[in-house]
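[1] pasting the sequence and the predicted model now:
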Amino acid sequence: MCVVLNAQGFAVGRYKARSLMQALQLKAKRPKQHHYSVAGKPSTIAPNSLNRQFNPSDTNTH
């Protein structure tokens, strides 16, 4: 508020702006908080269409 008043030519500090706002019963309006929407469907496991073997019999062998 004091920045806006200073830009308009009034020499007002932040504490004077606070007391003026309290006298006029003005309240600062803050921007709304950003939130992420929740997805409707949970993820599903893809089918094994390549027929890959994920459980090998020996480890680290080719």
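    Received the coordinates, thanks. Numbering: from 1, shown residues only.
[2] check residue 28 and give its pLDDT.
    Residue 28 is assigned a predicted lDDT (pLDDT) of 87.
[3] contacting residues around it?
    Residues in contact with residue 28 (C-beta atoms under 8 Å, 6 or more residues apart in numbering) are 1, 21. (Each C-beta comes from the backbone N, C-alpha and C, glycine too.)
[4] residues of the helix or strand of the chain with the lowest mean pLDDT that come out buried?
    In the chain, no helix or strand scores lower on mean pLDDT, DSSP states H and E than helix 2-7, which sits at a mean of 87. Neighbour-count burial for helix 2-7 flags residue 2 (criterion: 16 or more other C-beta atoms under 10 Å).
[5] quick one: the residue positioned nearest the centre of the chain from residue 27, how far?
    For the chain, residue 34 is the residue whose C-alpha lies nearest the centre (C-alpha atoms, centre = their mean; 4.1 Å). To residue 27, residue 34 is 22 Å away according to C-beta to C-beta, to the nearest Å.
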